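*Asks:* sequence first, predicted coordinates after that:
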Amino acid sequence: MKRHASMNRIYRLVWSPIHKVWIPVAEIARGRSKGSSRKLFAAALSLTAAVGHTEPIGGQIVSGNGSITQSGATTTINQTSQNLSANWDSFNIAAPETVNFVQPSVSAIAVNRIFDTNGTQILGHLNANGQVYLINPNGIVFGQGAQVNVGGLVASTLDINDVSLNSNTRTFSGSAAGSVINKGTITAQLGTMALGAGNAVTLTFNGNNLV
C-alpha cells in the first residue's frame with residue numbers, strides 16, 4: 001500500500017490486482033487498529049466492486065440539450081448545445097467499454113456530476129471532440145490501460161457553477177474527501193487537462209486554452 005496525506009485526512013492507495021489500478025481510500029483515523037484496517041479493506045472492495053457494474057449508470061441531462069444512448073459496451077452522449085450538464089448515479093468505464101461525447105464544437109463543454117458513494121474509475125476508452133468535465137467528490141482514478149482522447153479534460157472532486165462556463169475564469173469549490181489519480185493515457189487536443197482536488201481551484205482560460 002502507498003500512503004498519502006491530503007488536507008485533514010489520510011489516504012491509502014490499495015492495489016486492485018483484478019483491475020490493475022491503485023484505489024484511493026480514506027482512513028477513518030490516523031491511528032489504525034485492526035477494526036479500522038477491516039473498514040479500509042471493505043472500502044477498497046466497495047470501490048473495486050463499482051467497476052464490476054459496467055458503464056456509466058443513471059445519466060440524466062439537467063441543462064442544455066442532448067441525449068444519452070447505450071448500446072452494448074458503448075455509451076454515447078450526443079450534445080447539441082454549447083454547454084451541457086448531466087447527472088450520473090455512477091460513471092465507471094470498464095476496460096472493454098467506451099464512452100463517446102459527440103459535441104457541436106471543440107469549445108463545447110459537457111459537465112458530468114457523479115453522485116456515487118464511491119470514486120469513479122476510468123479503465124476503458126473516453127472520447128470527445130470537445131471538453132469534458134468529470135466531477136466526483138469521492139475521487140476519480142484513470143487506471144492503467146485507460147485511453148482518454150478529448151478536446152479538453154477537467155477531472156475534479158470540487159463542483160463548478162454552470163454560469164461560469166461562459167466566462168474565462170471558472171471557479172471550483174466544495175468539501176471533497178477524494179483524490180484524482182492518473183495511471184492511464186490522456187490526450188487533450190487543446191492541450192487542456194486539469195486534475196484537481198482540494199478546497200477551491202480557479203482555472204483561467206484564454207479562449208479554449210488553459211492559462
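*Replies:* Nice, thanks for sending it over.
*Asks:* what's the burial count for G66?
*Replies:* 20 (other CB atoms under 10 Å). C-betas here are computed from N, CA, C, even on glycine.
*Asks:* which regions of the protein lie under the pLDDT threshold?
*Replies:* Along the chain, the model assigns pLDDT under 70 to residues 1-54, 191-203, 205-211.
*Asks:* in it, which spans are helices?
*Replies:* According to DSSP state H, the chain carries its helices in the segments 34-52.
*Asks:* please report how far N161 lies from S179.
*Replies:* 23 Å (CB to CB, to the nearest Å).
*Asks:* what of I122?
*Replies:* 14 Å.
*Asks:* of the two, which one has the most company?
*Replies:* Counted by other CB under 10 Å, I122 and S179 do not tie: I122 has more neighbours, with 28 against 22.
*Asks:* give me the beta-bridge partners of the more buried one?
*Replies:* I93, F142 (DSSP bridges).
*Asks:* how close does it sit to T74?
*Replies:* As judged by CB to CB, I122 and T74 stand 15 Å apart.
*Asks:* go on, S67?
*Replies:* Distance from S67 to T74, by CB to CB: 14 Å.
*Asks:* ditto for P96
*Replies:* 10 Å.
*Asks:* quick one: which of the two has more around it?
*Replies:* Each of P96 and T74 has its neighbours counted (other CB under 10 Å); T74 has more, 14 against 11.
*Asks:* who are the contact partners of the closest residue to the more buried one other than its chain neighbours?
*Replies:* If the residues on either side of it in the chain are set aside, T74 comes closest to T98, at 4.8 Å by CB to CB, 6 or more residues apart in numbering. Residues counted as contacts of T98 (CB atoms under 8 Å, 6 or more residues apart in numbering) are 73-75, 124-127.
*Asks:* just the buried ones out of the residues you listed, please.
*Replies:* 73, 75, 124-127 (16 or more other CB atoms under 10 Å).
*Asks:* for these, give me JSON lines that also has distance to A86.
*Replies:* Shown next, in JSON lines, are the buried ones among the contacts of T98 (distance: CB to CB, whole Å):
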{"residue": "A73", "distance to A86": "19"}
{"residue": "T75", "distance to A86": "11"}
{"residue": "G124", "distance to A86": "18"}
{"residue": "H125", "distance to A86": "18"}
{"residue": "L126", "distance to A86": "14"}
{"residue": "N127", "distance to A86": "16"}
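*Asks:* among those residues, which are in strands?
*Replies:* 75, 125-127 (DSSP state E).
*Asks:* I'd like those residues laid out as TSV, including distance to A155.
*Replies:* Formatted as TSV, these follow (distance: CB to CB, whole Å):
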residue	distance to A155
T75	17
H125	16
L126	10
N127	15
